[in-house]
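Student: Kindly generate the corresponding structure for this input.
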Amino acid sequence: MDWLDNDEGPIYQDDLIAEIVNLYPETVPYLASIGMHCIGCHSAQFETLQEACSVHGLKCWRVLDQLNAIVTGEDKPVQ
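Tutor: Have a look, this model is predicted:
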């Protein structure tokens, strides 16, 4: 399943970083690898994935696609 085609997934662009990390701790290594070290900071409690991507200069759809691949077990190359 391609998350971009269906616009569905366990993780959405409006989800808070803290919620993503708490629900899916397996996403932490990927988030850290792309420079999103905010996973442990206070702003993660209030910042959405889309906002965090914007702050870090990342394309949200790419990060979202990769995160959903991680949590669903799809084998995708890290972008």
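Student: can you pull the buried residues of stretch 15-29?
Tutor: Judged by neighbour count (16 or more other CB atoms under 10 Å), stretch 15-29 contains these buried residues: 15-18, 20-21, 24, 27. Placement of C-beta: from N, CA and C, glycine included.
Student: I'd like those residues as JSON lines, with pLDDT and distance to residue 56 appended.
Tutor: Shown next, in JSON lines, are those (pLDDT from 0 to 100; distance: CB to CB, whole Å):
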{"residue": "15", "pLDDT": "95", "distance to residue 56": "16"}
{"residue": "16", "pLDDT": "93", "distance to residue 56": "15"}
{"residue": "17", "pLDDT": "92", "distance to residue 56": "11"}
{"residue": "18", "pLDDT": "90", "distance to residue 56": "16"}
{"residue": "20", "pLDDT": "93", "distance to residue 56": "14"}
{"residue": "21", "pLDDT": "91", "distance to residue 56": "15"}
{"residue": "24", "pLDDT": "93", "distance to residue 56": "19"}
{"residue": "27", "pLDDT": "93", "distance to residue 56": "15"}
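Student: Next step: these restricted to helices.
Tutor: 17-18, 20-21 (DSSP state H).
Student: Which members of these are the farthest-apart pair?
Tutor: Greatest spatial distance in those: 18 and 20, 7.3 Å, computed using CB to CB.
Student: Distance of residue 54 relative to residue 42?
Tutor: As judged by CB to CB, to the nearest Å, residue 54 and residue 42 stand 18 Å apart.
Student: Neighbour count for the two, which is higher?
Tutor: Comparing residue 54 with residue 42 by other CB atoms under 10 Å, the one with more neighbours is residue 54, at 13 against 9.
Student: Report pLDDT for that one.
Tutor: Here the pLDDT value assigned to residue 54 is 94.
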